[in-house]
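> Just need the structure, nothing else, for what follows:
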Amino acid sequence: MRLVPALSALAAASLSVLAGAREPDVKLPDIGSSAASLATPQELREYGAGMLQEMRAYDLVVDDPLLADYINALGYRLVASSDHPDPNFTFFIVRDDQINAFAAPGGYVATNAGLITAMDTEDELAGVLAHEISHVEQQHILRAFEDQKKMSIPIMLGMLGVMIASAHRTDDAAAAAMMTGTSLIQQRQINFTRGDEAEADRVGIQTLARAGFDPMAMAGAFQALQKVMRVNGIDIPEFLLDHPLDTRRIADAKARAEQLGCPKTAHLRSAPASDAGGGLDLTLPPRRPDADGGAVDEASALAASAATSVTVAGRGEGNALPRVTVSTCAPRGKGAQAYFELMRERVRVQIAKSPTAIRSYYANNLRDDPAFDSVANRYGYALALIASRDAAAAIEQLRPLIARQGDSPVLRLALADAQDQAGRRDDALATFAQLHRDFPGNRAITLAYSDALVAHADAKSARLALDLLRPLVERNAGDPGLQRSFARANELAGDKVRASEAYAEAAWLSGHAEDALNQLKALSKQADLSYYQRSRIDARIAELTPAVLALRKRSSPSEPGSLTATSLSCCRVRAGSINNP
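Model (predicted):
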């Protein structure tokens, strides 16, 4: 009888270890590995898409088109230069000021906003992304699940045997066996984590160099995080809790970069650049919808800064992206760094606790610190003014910047937003129209332009907005903000059915699956639907129904050791924050 509570305690302790484990470590994938048989690529993509939708339901995703296109272009530049240039990656920014990043099943790579604002250079950010891409390409999540299944059962059986043998003893042998077993499982996971990180560093540095970034930047990113630790005392960044860091790891990263032929002084944590030009091309080719309704920007892999020369090889076999070859340690110029600094300040404003607080941050620093007065920080200040409903002051901040960098679409887009908020609608529409002519098909510009038109709330403006949005929706079906704008434009233009379909699609993409399905079912009951409308709606209901059922099943408690339980360990979602456990 004494054995029953002991076994219960053993099971509880073991399951706690399995459920709460930080990234379990895995070995290099080898030929014939069985890890890939645990789940199909489609299952992984479905899980990753469901995770992203759930995060959107908690408002944990920064769904800003300009930032989304930037992080995807940067990520795909790295993917195209990796050993496995797979187009099925999705990069997104998490609305969290904690310094962290993670890779999830299906090629979903998340970067916390706090990590972006902590980086000094674009190369450092690219270093973190390359590390996370390596986790995906090395199948670390699947191999971790496989290793848990292999190792936890033998250890638990050994513990059980010792406990049975000591059932009639009066000493603490049973408790000692339980503690020893759980310690073995934990040590196994720690060892695996270290191996995971070392492998991701090694592969990531190679990818970084191939993509034309400074491979020394990975060590620079680690040093930046150490600097945060020194400033905050014992407040350790989330990234370092999930990615153990020591001086040897930094030294190894530097040594690997030097082996690639890069000089020790290649990576300099430079002061903010004053040039706001260049950066990633905003006229990237269109994004195509993928199988699960998201958007995969194949051409983003080919996006390069104006200062970097890129040669594209022929498209690979199957659906692989073409390899991008650049000279290792090639200087990338000021344009890419300046564009990164603009995006960094945009992120900072997006995640600010309040418009007043972020406005004071920029105003006080611009007043007190002459070195703070840069194009990027003035741009951030203008965005903060727009957020605090002082659009007239924002215009005054932006005009001198545009006079110096008149070809910057980022600055001009901010000016158009400020003009629109200030009530200068004609000026705003003229600025938007010129931007659209200069960068046709760009998602951020087209969406902002159409929203300004829809704000007029008249049928004529709505029809013009629809002309802008239709081709964009076809290419970016997985953008919830775009679907909402498309819905509103259809509503004002008089097409109530299309509007309802788009609202349902936005609900689905935003993590409200049941609402989306219910909206479509209610719409299908309307008697005045045309044959084509009814066919389209019924087809979407048939498509969403099994997906909703699968989401219901995934949302139920998972058995320890299942793929879902293990996958959740890489990205635990809760209201208000997201952390690797």
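> List the contacts of Val94.
With contact set as C-beta atoms under 8 Å, 6 or more residues apart in numbering, Val94 has these partners: Met55, Leu60, Val61, Val62, Asn100, Ala110, Thr111, Asn112, Ala113, Ile578. All C-beta spots, glycine's among them, are computed from the backbone N, C-alpha and C.
> cool, Ala394 as well?
The contact partners of Ala394, by C-beta under 8 Å, 6+ apart, come to Ala382, Leu383, Leu385, Ile386, Ala414, Ala418, Gln421, Ala422.
> Break down this structure into its strands, ranges please.
Taking DSSP state E as the criterion, the chain contains strands spanning 90-94, 101-104, 108-112, 288-289, 295-296, 311-312, 324-325, 572-574, 577-579.
> lowest-confidence stretch among these?
For the strands of the chain, the bottom mean pLDDT is recorded on strand 311-312, which sits at a mean of 31.
> Hmm, Phe340 is touching Thr121, no?
Yes - A contact is recorded between Phe340 and Thr121 when judged using C-beta atoms under 8 Å, the distance being 7.0 Å.
> Tell me where this structure is predicted with low confidence.
Across the chain, the stretches falling below the confidence threshold (pLDDT under 70) are 1-39, 139-195, 226, 228-334, 554-581.
> at 80 instead, please
Counting by pLDDT under 80, the chain contains low-confidence ranges at 1-41, 43, 84-87, 138-201, 218-334, 406, 550-581.
> Just the C-alphas of stretch 65-84, formatted as PDB.
In PDB, the C-alpha atoms belonging to stretch 65-84 read as follows (Å, rounded to 0.1, in the frame of the first residue of the first chain):
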ATOM      1  CA  PRO A  65       2.500  45.800 -42.600                       C
ATOM      2  CA  LEU A  66       5.700  47.700 -42.800                       C
ATOM      3  CA  LEU A  67       7.300  45.800 -39.900                       C
ATOM      4  CA  ALA A  68       5.900  42.500 -41.100                       C
ATOM      5  CA  ASP A  69       7.400  42.900 -44.500                       C
ATOM      6  CA  TYR A  70      10.700  44.000 -43.000                       C
ATOM      7  CA  ILE A  71      11.100  41.000 -40.700                       C
ATOM      8  CA  ASN A  72      10.000  38.600 -43.400                       C
ATOM      9  CA  ALA A  73      12.400  40.100 -46.000                       C
ATOM     10  CA  LEU A  74      15.300  39.900 -43.500                       C
ATOM     11  CA  GLY A  75      14.300  36.300 -42.500                       C
ATOM     12  CA  TYR A  76      14.000  35.100 -46.100                       C
ATOM     13  CA  ARG A  77      17.300  36.600 -47.000                       C
ATOM     14  CA  LEU A  78      18.800  34.300 -44.400                       C
ATOM     15  CA  VAL A  79      16.600  31.300 -45.400                       C
ATOM     16  CA  ALA A  80      17.700  31.600 -49.000                       C
ATOM     17  CA  SER A  81      21.300  31.400 -48.000                       C
ATOM     18  CA  SER A  82      20.900  28.400 -45.600                       C
ATOM     19  CA  ASP A  83      21.600  24.700 -46.300                       C
ATOM     20  CA  HIS A  84      17.800  24.100 -46.700                       C
END
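> Okay, buried residues for stretch 362-376 please.
Residues of stretch 362-376 classed as buried under the neighbour-count rule (16 or more other C-beta atoms under 10 Å) are Tyr362, Leu366, Phe372, Ser374, Val375, Ala376.
> if I look at the closest residue to the third one other than its chain neighbours, how far off is Gly380?
I take that to be Phe372. If the residues on either side of it in the chain are set aside, Phe372 comes closest to Asn365, at 4.3 Å by C-beta to C-beta, 6 or more residues apart in numbering. The gap separating Asn365 from Gly380 is 10 Å, by C-beta to C-beta, to the nearest Å.
> Could I get the buried residue list for stretch 198-209?
For stretch 198-209, the buried set under the neighbour-count rule, 16+ other C-beta under 10 Å, comprises Glu199, Ala200, Asp201, Arg202, Val203, Gly204, Ile205, Gln206, Thr207, Leu208, Ala209.
> hang on, the fifth one packs against His135?
No - between Val203 and His135 there is no contact under C-beta under 8 Å: 9.1 Å.
> Distance of Glu341 relative to Gln223?
From Glu341 over to Gln223 (counting by C-beta to C-beta), the distance is 19 Å.
> ah, wrong one, I meant Asp417
Plainly put, Asp417 is 36 Å away from Gln223 if you go by C-beta to C-beta.
> Show me which of the two is the more surrounded one.
For the pair Asp417 and Gln223, the greater number of neighbours falls to Asp417 (22 against 17), based on other C-beta atoms under 10 Å.
> How about the contacts made by that one?
Applying C-beta under 8 Å, 6+ apart, we find Asp417 in contact with Ile386, Ala428, Ala448.
> Name the nearest of the residues you listed relative to Phe89.
Ala448 (25.9 Å; C-beta to C-beta).
> give me the number of residues near the closest one?
Here the neighbour count serves as a burial measure; for Ala448 (other C-beta under 10 Å) it reads 23.
> surely it meets Arg412?
No - contact between Ala448 and Arg412 fails when scored by C-beta under 8 Å: they sit 10.7 Å apart.
> contacting residues for the closest residue to Ala352 other than its chain neighbours?
Nearest in space to Ala352, with sequence neighbours left out and distances taken as C-beta to C-beta, 6+ apart, is Ile358 at 3.5 Å. With contact set as C-beta under 8 Å, 6+ apart, Ile358 has these partners: Arg348, Val349, Ala352, Ala384, Ala387.
> Select from those the one having the most neighbours.
Across those, the neighbour count under other C-beta under 10 Å reaches its highest value at Ala384, namely 26 neighbours.
> Contact partners for that residue?
Val349, Ala352, Pro355, Ile358, Arg359, Tyr361, Tyr362.
> Would you mind checking which of the residues you listed is nearest to Met218?
Proximity to Met218 was ranked across these by C-beta to C-beta; first place goes to Val349, at 27.5 Å.
> I figured Val497 was touching Tyr532, is that so?
No - counting by C-beta under 8 Å, Val497 does not reach Tyr532; the two are 10.1 Å apart.
> neighbour count winner among the two?
Neighbour totals were compared for Val497 and Tyr532, and Val497 leads with 17 against 8 (other C-beta under 10 Å).
> Look up how far His84 lies from the spatially closest residue to the more buried one that is not a sequence neighbour.
What sits nearest to Val497 in space, not counting adjacent residues and going by C-beta to C-beta, 6+ apart, is Gln533, at 5.3 Å. When distances are taken as C-beta to C-beta, Gln533 and His84 turn out to be 42 Å apart.
> And for Ala516?
Relative to His84, Ala516 is positioned 33 Å away (C-beta to C-beta).
> What of Gln419?
46 Å.
> Looking at those two now, which is surrounded by more residues?
Shown here are Gln419 and His84; by other C-beta under 10 Å, Gln419 has more neighbours (24 against 16).
> can you give me the end-to-end distance of stretch 455-463?
From its first residue to its last, stretch 455-463 covers 12 Å (C-alpha to C-alpha, to the nearest Å).
> Would you indicate which residues of it are buried?
Using 16+ other C-beta under 10 Å, the residues of stretch 455-463 that count as buried are Ser461, Ala462, Arg463.
> ok, residues contacting it?
For stretch 455-463, using C-beta under 8 Å, 6+ apart, the contacting residues are Asp420, Arg425, Leu453, Val454, Arg488, Ala489, Asn490, Glu491, Leu492, Ala493, Gly494.
> which among those residues end up buried?
Looks like the contacts of stretch 455-463 have Asp420, Leu453, Val454, Arg488, Ala489, Asn490, Glu491, Leu492, Ala493 buried, using 16+ other C-beta under 10 Å.
> Adding distance to Thr117, write the residues you listed out as CSV.
Compiled in CSV, the buried ones among the contacts of stretch 455-463 are given as follows (distance: C-beta to C-beta, whole Å):
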residue, distance to Thr117
Asp420, 27
Leu453, 33
Val454, 32
Arg488, 32
Ala489, 34
Asn490, 37
Glu491, 37
Leu492, 37
Ala493, 40
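> can you tell me which of the residues you listed are in helices?
Taking DSSP state H as the definition of helices, the buried ones among the contacts of stretch 455-463 contribute Asp420, Leu453, Val454, Arg488, Ala489, Asn490, Glu491, Leu492, Ala493.
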